[in-house]
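>>> Quick one: sequence and predicted model below, then my questions.
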Amino acid sequence: MLRKPLFILILLASAVYPRIGNAQTTGFRFLATGDVPYSAEQDAKYRELLSQAAAEDFAFLMHVGDTKSQDSPCTDAESTKIRNLFRQHPTPVVYTLGDNEWTDCHGVGADPLERLAQLRELIYKDESVLRLKQLGAERQSEDPAYATFIENFRFTKSEVLFVVVHVCGSDNNRRTGDTQAMQEFERRNQANLAFMKESFSKALATDVAGVAIVIHANPGFEGKTSEGFQDFVNSVRGFLDRFRKPVICIHGDSHYFRIDKPLRGAKTKARYLHFTRVEVFGSPDVAGLIIRVDPSTREVFSYEPYYLQTAP
């Protein structure tokens, strides 16, 4: 009489444990960085950090924007330097533009819109730089209606959808009084909203295990949202009301490393407990954040700071 329960337990073990094992093998980790390098010293340290990371098992490198300081020159030489650094890294690079690369270039006598166009050419149109095809990325620019916005892309890895959207600092280039800036903001904001809507619909339809939204700016999740970010935050809220699995937003901009749950519903004011804001380290700190993805776990995402290992 004892044999039947034992046989059932054996069958259950053989059915359950292989699934757990298979789910675990689909997990991966990547290195998230941003808001560096801002000086020659930081450049040397960042290169050393990437060289250290290159010897490890990261699926890709992430940089959430601001590859230079606000007051450094906005030149092809600066853009080419970071382009070459990304190209030389052995893994694909998930990169979104920060304000220092283009929005704030008027402060050093350069044309922001010219810099944006050049960055799209130098970094995003050259497939050898970020190597997003290795991640199976879909670009918004594949839709003729949004051909300009090559920097918006998404990909799915281990049942997690990554959505990379061009939302940058300095109020997302929403500069009242500057007609060209406002026109650029309006066009890109509408493109961003369309891409997010499409991406979120895909997440719901395919029942992914989690979603990672990647932007540059700190959009004011705590409730201090300026007009340049209101549409973005409202779009995220709308998605969180429908999708109840883990969602994270990885960003930089304010140079304050934190992992928290700041976002509340617009009407209910209830905290979205399945949403996590992840802000990476930024200048003067040259450090990264390991983000692990494991769809077999309840939270899907886990985190660990990553530092440069200096010799004793």
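Thanks, I have it. Numbering: from 1, shown residues only.

>>> you'd agree Asn234 is up against Ala266?
Yes: checked against C-beta atoms under 8 Å, the pair Asn234 and Ala266 is within contact range at 7.1 Å. In this view, the C-beta of every residue, glycine as well, is placed from N, C-alpha and C.

>>> residue ranges for the helices of this protein, please.
Across the chain, reading from the start of the chain, the helices by DSSP state H fall at 3-25, 40-54, 76-88, 112-119, 127-130, 169-172, 179-206, 227-240.

>>> mind checking how far the third one is from the chain centre?
Spelled out, it's helix 76-88. Helix 76-88 has its C-alpha centroid displaced from the chain centroid by 19 Å (C-alpha atoms, centre = their mean, to the nearest Å).

>>> how much does it deviate in direction from helix 40-54?
Calculated by axes from the mean of the first three to the mean of the last three C-alpha atoms, to 10 degrees, helix 76-88 forms an angle of 20 degrees with helix 40-54.

>>> relative to helix 112-119, how tilted is helix 76-88?
Calculated by the same axes, to 10 degrees, helix 76-88 forms an angle of 30 degrees with helix 112-119.

>>> which residues of the stretch 201-312 of the chain fall in strands?
Along the stretch 201-312 of the chain, the stretches classed as strands by DSSP state E, counting those that start in this stretch are 210-214, 247-251, 258-260, 275-279, 288-293, 301-306.

>>> With distance to Ala54 as new columns, can the ones you listed be given to me in TSV?
As requested, the strands of the stretch 201-312 of the chain are arranged in TSV below (distance: least, C-beta to C-beta, whole Å):
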stretch	distance to Ala54
strand 210-214	21
strand 247-251	21
strand 258-260	25
strand 275-279	23
strand 288-293	12
strand 301-306	13
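
>>> any chance of these in TSV, plus distance to Asn152, mean neighbour count and mean pLDDT?
What follows is these, written out as TSV (distance: least, C-beta to C-beta, whole Å; neighbours: other C-beta atoms under 10 Å; pLDDT from 0 to 100):
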stretch	distance to Asn152	mean neighbour count	mean pLDDT
strand 210-214	10	25	99
strand 247-251	15	25	98
strand 258-260	25	12	98
strand 275-279	20	21	98
strand 288-293	21	21	98
strand 301-306	22	16	98
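
>>> Leu49: which of the ones you listed is closest?
Distances from Leu49 to each of these were compared using C-beta to C-beta; the minimum, 6.3 Å, belongs to strand 288-293.

>>> next one: that closest one to chain centre, how far?
Worked out by C-alpha atoms, centre = their mean, strand 288-293 lies 12 Å from the chain centre.

>>> got the contact list for that strand?
Residues outside strand 288-293 that contact it (C-beta atoms under 8 Å, 6 or more residues apart in numbering): 27-33, 49, 53, 58, 62, 157-158, 160, 210, 250, 257, 278, 280-281, 300-307.

>>> just the angle between it and strand 210-214, please?
Angular relation of strand 288-293 and strand 210-214 on a 0 to 180 degree scale: 150 degrees, by the same axes, to 10 degrees.

>>> how many neighbours does the spatially closest residue to Pro295 that is not a sequence neighbour have?
Of all residues not flanking Pro295 in the chain, Ala209 sits nearest, at 3.7 Å (C-beta to C-beta, 6 or more residues apart in numbering). Other residues near Ala209 come to 21 when the count uses other C-beta atoms under 10 Å.

>>> for Pro246, same thing?
Other residues near Pro246 number 20, with proximity taken as other C-beta under 10 Å.

>>> Return the distance of it relative to Asn218.
Plainly put, Pro246 is 20 Å away from Asn218 if you go by C-beta to C-beta, to the nearest Å.

>>> Pairing partners for the residue nearest in space to the middle of the chain in the sheet, please.
For the chain, Val214 is the residue whose C-alpha lies nearest the centre (C-alpha atoms, centre = their mean; 2.4 Å). On DSSP bridges, the residues paired with Val214 through beta bridges are Val164, Ile250.

>>> So it is in contact with Val163, correct?
Yes: the criterion here is C-beta under 8 Å, and Val214 meets it with Val163 at 6.9 Å.
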